[in-house]
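>>> Need a 3D model of the sequence below.
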Amino acid sequence: RFLIATFLAGFGGSVFGLLYNLYLLSLGQREDFIGLVASATTLTTALSGPLVVLLIPRLGFRRILILGFGFQVIASTGQALSTAPVAILAFAAVWGLSAGFYWAPLPPFLAENSSPGERNHLFAINLAVQLVAGILGNLVGGQLPALLGTWNLELGTLNTYRITLLLAT
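Sure, this is the predicted structure:
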């Protein structure tokens, strides 16, 4: 189940990552704001580490990972539907929180749920799942807006990106 969740989150995250900056440009945002959004995400990921360390004894690795996936869905949905810069930045911070809630507890969770003989294989398979999900997400993310455009729905660029981002979520 964890590897399936990893695949789905990685696939959706790749589609999202590929198109989100184009979405922001279609909203009329400039490169400096896009850089601010990316920085807010990265900074929040870094700052979430101490919070994760404090929560591990209370919640455990599994619950923190589930929270991380939940935060990713909230952040992605909010980012895809937001047009106000403050909301975009807030949801970028939630996305960063989701990344911290995934990356910090991941290695100990995998180690805790495998025998010493399985660990090398589990870590390798997890990485392979992440890479395959990313490749497929990039391929689908690059094609989906054009595919939506062929359906003659007259959505316009902004709504085509928004629908693709929501599908990725």
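
>>> how deep is L8 tucked in, by neighbour count?
L8: 14 surrounding residues under other Cβ atoms under 10 Å. Backbone N, C-alpha and C define where each C-beta goes, glycine included.

>>> Contacts only, for it.
With contact set as Cβ atoms under 8 Å, 6 or more residues apart in numbering, L8 has these partners: A133.

>>> For it, give its distance to L55.
23 Å (Cβ to Cβ, to the nearest Å).

>>> got any ranges where the protein has weak pLDDT?
152 (pLDDT under 70).

>>> so where's the longest helix in it?
Using DSSP state H to define each element, the chain has its longest helix at helix 31-81.

>>> Which other helices and strands does it contact?
Judged by 3 or more Cβ pairs under 8 Å, 6 or more residues apart in numbering; DSSP states H and E, the packing partners of helix 31-81 are helix 2-26, helix 85-103, helix 106-112, helix 156-168.

>>> Adding distance to V140, write the ones you listed out as a markdown table.
As requested, the helices and strands packed on helix 31-81 are exported to a markdown table (distance: least, Cβ to Cβ, whole Å):
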| stretch | distance to V140 |
| --- | --- |
| helix 2-26 | 6 |
| helix 85-103 | 20 |
| helix 106-112 | 24 |
| helix 156-168 | 8 |
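
>>> Of all those helices, which one comes closest to N138?
helix 2-26 (5.2 Å; Cβ to Cβ).
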